[in-house]
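In: sequence plus the predicted model coming up.
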Amino acid sequence: MATPSKTPPGAVWSLSSCKPGFGVDQLRDDNLETYWQSDGSQPHLVNIQFRRRTTVKLLCIYADYKSDESYTPSKISVRVGNNFHNLQEIRQLEMVEPSGWIHITLMNQFFSLPSEVWGASL
């Protein structure tokens with residue numbers, strides 16, 4: 001089952017590092033056989049900058065430990081803010097051998113998070 005990309009037009013994606021042929025395009029395409037592969041020391045980051053304040057309610061990440069255990073994340077931290085100098089962590093997720101789509105809800109009935117952000121970092 002694919003989860004469609006619903007990133008607003010004009011959003012700018014960047015990575016802390018990537019191996020040739022395993023960058024932003026592979027991260028964002030709809031093919032589960034392609035992926036981003038980092039090429040540097042940790043932390044490995046995916047950054048998204050929006051053109052205007054944007055409501056972010058859900059992040060979806062596909063991970064398959066059995067396909068590539070050495071590069072599958074075990075921890076995901078979600079940080080949001082008005083710019084990359086004031087990002088605040090709003091979610092942290094620990095995973096054990098994930099397989100499939102991981103849905104990270106950023107808003108729910110129990111807490112209030114910034115509903116509009118200029119940028120996000122994973």
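Out: Yes, it's here.
In: make it CA atoms for all contacts and neighbour counts henceforth
Out: Fine.
In: these two touch, right, N83 and G119?
Out: Yes - between N83 and G119 there is a contact under CA atoms under 8 Å: 5.9 Å.
In: please say which of the two ends up with more neighbours.
Out: G119 (25 against 13; other CA atoms under 10 Å).
In: so which elements touch the helix or strand hosting that one?
Out: Remark: G119 resides in strand 116-121, with elements defined by DSSP states H and E. Contacts defined by 3 or more CA pairs under 8 Å, 6 or more residues apart in numbering; DSSP states H and E place strand 116-121 against strand 46-55, strand 75-81.
In: now the last one: average pLDDT?
Out: Averaged across strand 75-81, the pLDDT comes to 90.
In: beyond that strand, next helix or strand please.
Out: Taking DSSP H and E, what comes next after strand 75-81 is strand 88-94.
In: would you mind writing the CA trace of that next one as CSV?
Out: The C-alpha trace of strand 88-94 is given here as CSV (Å, rounded to 0.1, in the frame of the first residue of the first chain):
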residue,chain,number,x,y,z
GLN,A,88,11.9,22.1,18.9
GLU,A,89,11.5,18.4,19.3
ILE,A,90,7.8,17.5,19.4
ARG,A,91,8.0,13.7,18.9
GLN,A,92,10.5,11.0,19.4
LEU,A,93,9.8,7.4,18.2
GLU,A,94,11.9,4.3,19.1
